[in-house]
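Engineer: build the 3D model from these lines:
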Amino acid sequence: MVVSAFLSMWMSNTATAALMLTVAITIIRSLPEKEPFKIALLLGIPFACNIGGMATPISTPPNALAISNLAQLGISISFTKWMIIALPVVILILLITWWLLSTMYKSKIQKITFKIEKLLPLNIKDKWVIAVFIITVGLWLTGQYHGIPSGVIAIVPTIAFIGSGIIDRNDFRSLGWDILILMGGGLSLGVAMQQSGLAKWMVGRFDVGGLTSEIQLMLIFSFITVIMTTFISNTSTAALILPIAITIGVTPTVIALITAFSASVAMILPISTPPNAIAYGSGLLSVKDIAKTGLIITLISIIIIISWLFIFSRLLG
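Structural biologist: A predicted model of the protein is given here:
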């Protein structure tokens with residue numbers, strides 16, 4: 001789970017889930033047929049990928065959408081600042097999820113035996129990928145000092161890997177362009193809703209007169225986001241909700257972060273997130289397994305996210 005969450009901070013959580021499940025299934029096949037730990041391991045990977053997706057601005061599309069919508073209001077969140085806010089939430093939810101899975105699907109065996117092939121030494125290409133990764137992450141984390149935009153830094157690995165032949169034209173074409181186009185469409189939709197006045201009109205139809213506290217509004221938008229993300233893409237949900245959420249009177253940064261984070265922790269059904277779908281596609285999980293555990297984790301996550309952001313905003317403004 002730790003490895004899955006860490007990788008999801010820097011690369012697609014869909015790709016991370018596929019990679020980690022390939023490794024996990026090798027271990028799962030060595031376990032007895034009715035061993036509960038199988039379910040814990042299969043659920044732990046997609047859940048950790050979803051949770052890790054909150055940690056950085058590049059982890060998942062809703063994060064980028066939140067930053068873009070706030071930029072329309074003149075509010076800037078740096079890469080480092082996002083991580084300072086998000087990492088405590090990620091770590092706490094990850095620990096709770098691990099404890100919950102360990103408790104609900106307690107292992108009946110004490111030892112797992114499986115064979116690991118000897119690892120080959122790192123070649124020049126491996127070292128080049130590691131070096132580019134470290135340089136890119138380092139530039140993202142030090143953006144406040146050199147002033148290079150995150151989008152420009154993101155071009156560094158593209159040029160480095162294509163220029164060195166690590167990836168070729170076919171690899172480039174196999175990227176998730178549908179997701180990138182969906183993000184672009186979501187950004188355009190958000191700007192159009194703000195510029196046309198549609199977002200304000202929709203807020204006007206949303207009766208908040210009876211809501212006297214920020215907590216109530218936070219809860220409402222968090223639950224709306226979770227419910228929508230359970231059935232449709234979290235990118236689409238964020239694109240629809242964010243332009244409205246940041247205009248309702250609650251601190252825009254707080255409500256934008258709540259919406260983005262809530263879109264990542266909605267993991268109640270196999271269709272809720274791509275990592276869930278990949279885990280379900282293994283054929284070793286039932287909808288009941290995902291829904292029962294996912295619902296509990298989602299509800300706990302909402303409470304943690306709202307509590308942390310409320311406290312954080314009060315302490316640091």
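
Engineer: excluding chain neighbours, give the residue nearest to Ser262 in space.
Structural biologist: Nearest-residue entry for Ser262: Thr225, 4.0 Å, with adjacent residues in sequence omitted and distances by C-beta to C-beta, 6 or more residues apart in numbering. Bear in mind the C-beta positions are built from the backbone N, C-alpha and C, glycine included.

Engineer: give me the pLDDT for the one you found.
Structural biologist: Thr225 carries a pLDDT value of 86.

Engineer: phi first, then psi, for Lys111.
Structural biologist: Lys111 adopts backbone torsions of phi -140, psi 140, taken as degrees, to the nearest 10.

Engineer: any stretches of the stretch 151-300 of the chain with poor pLDDT?
Structural biologist: For the stretch 151-300 of the chain, the stretches flagged by pLDDT under 70 are 175-176, 178-180, 182-184, 186-187, 189-191, 193-194, 198-212, 249-250.

Engineer: apply 90 and report the result again.
Structural biologist: 151-256, 259, 263-294 (pLDDT under 90).

Engineer: what ranges do the helices span in it?
Structural biologist: Ranges of helices in the stretch 151-300 of the chain, per DSSP state H, counting those that start in this stretch, are 155-163, 169-173, 177-196, 198-205, 214-231, 234-245, 252-265, 274-280, 287-316.

Engineer: could you single out the most deeply buried of these?
Structural biologist: With neighbours taken as mean count of other C-beta atoms under 10 Å, these reach their highest mean count in helix 252-265, at a mean of 27.

Engineer: that one to helix 214-231, inter-axis angle?
Structural biologist: Inter-element angle recorded for helix 252-265 and helix 214-231: 30 degrees (by axes from the mean of the first three to the mean of the last three C-alpha atoms, to 10 degrees).

Engineer: just the C-alpha atoms of helix 252-265, please, in PDB.
Structural biologist: Provided in PDB are the C-alpha atoms of helix 252-265 (Å, rounded to 0.1, in the frame of the first residue of the first chain):
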ATOM      1  CA  PRO A 252     -12.400  29.200  -2.200                       C
ATOM      2  CA  THR A 253      -9.100  27.400  -1.500                       C
ATOM      3  CA  VAL A 254     -10.700  25.300   1.200                       C
ATOM      4  CA  ILE A 255     -13.800  24.300  -0.800                       C
ATOM      5  CA  ALA A 256     -11.700  23.600  -3.900                       C
ATOM      6  CA  LEU A 257      -9.400  21.300  -2.000                       C
ATOM      7  CA  ILE A 258     -12.300  19.500  -0.300                       C
ATOM      8  CA  THR A 259     -13.900  18.900  -3.700                       C
ATOM      9  CA  ALA A 260     -10.700  17.600  -5.300                       C
ATOM     10  CA  PHE A 261      -9.800  15.400  -2.300                       C
ATOM     11  CA  SER A 262     -13.400  14.000  -2.100                       C
ATOM     12  CA  ALA A 263     -13.200  13.100  -5.800                       C
ATOM     13  CA  SER A 264     -10.200  10.900  -4.900                       C
ATOM     14  CA  VAL A 265     -11.700   9.100  -1.900                       C
END
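
Engineer: how far is that helix from where the chain is centred?
Structural biologist: Its chain's C-alpha centre lies 11 Å from the corresponding centre of helix 252-265 when counted by C-alpha atoms, centre = their mean, to the nearest Å.

Engineer: report all helices and strands that it contacts.
Structural biologist: helix 37-52, helix 61-72, helix 79-104, helix 214-231, helix 234-245, helix 287-316 (3 or more C-beta pairs under 8 Å, 6 or more residues apart in numbering; DSSP states H and E).

Engineer: could you export the second one as CSV, CA atoms only?
Structural biologist: Output of helix 61-72 as CSV, limited to C-alpha atoms (Å, rounded to 0.1, in the frame of the first residue of the first chain):
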residue,chain,number,x,y,z
PRO,A,61,-6.9,15.3,-12.8
PRO,A,62,-9.2,16.8,-10.1
ASN,A,63,-6.1,18.3,-8.4
ALA,A,64,-5.1,20.1,-11.6
LEU,A,65,-8.7,21.3,-12.1
ALA,A,66,-8.8,22.7,-8.6
ILE,A,67,-5.6,24.6,-9.1
SER,A,68,-6.8,25.9,-12.5
ASN,A,69,-10.2,27.1,-11.1
LEU,A,70,-8.5,28.9,-8.2
ALA,A,71,-6.1,30.5,-10.6
GLN,A,72,-9.1,32.1,-12.3
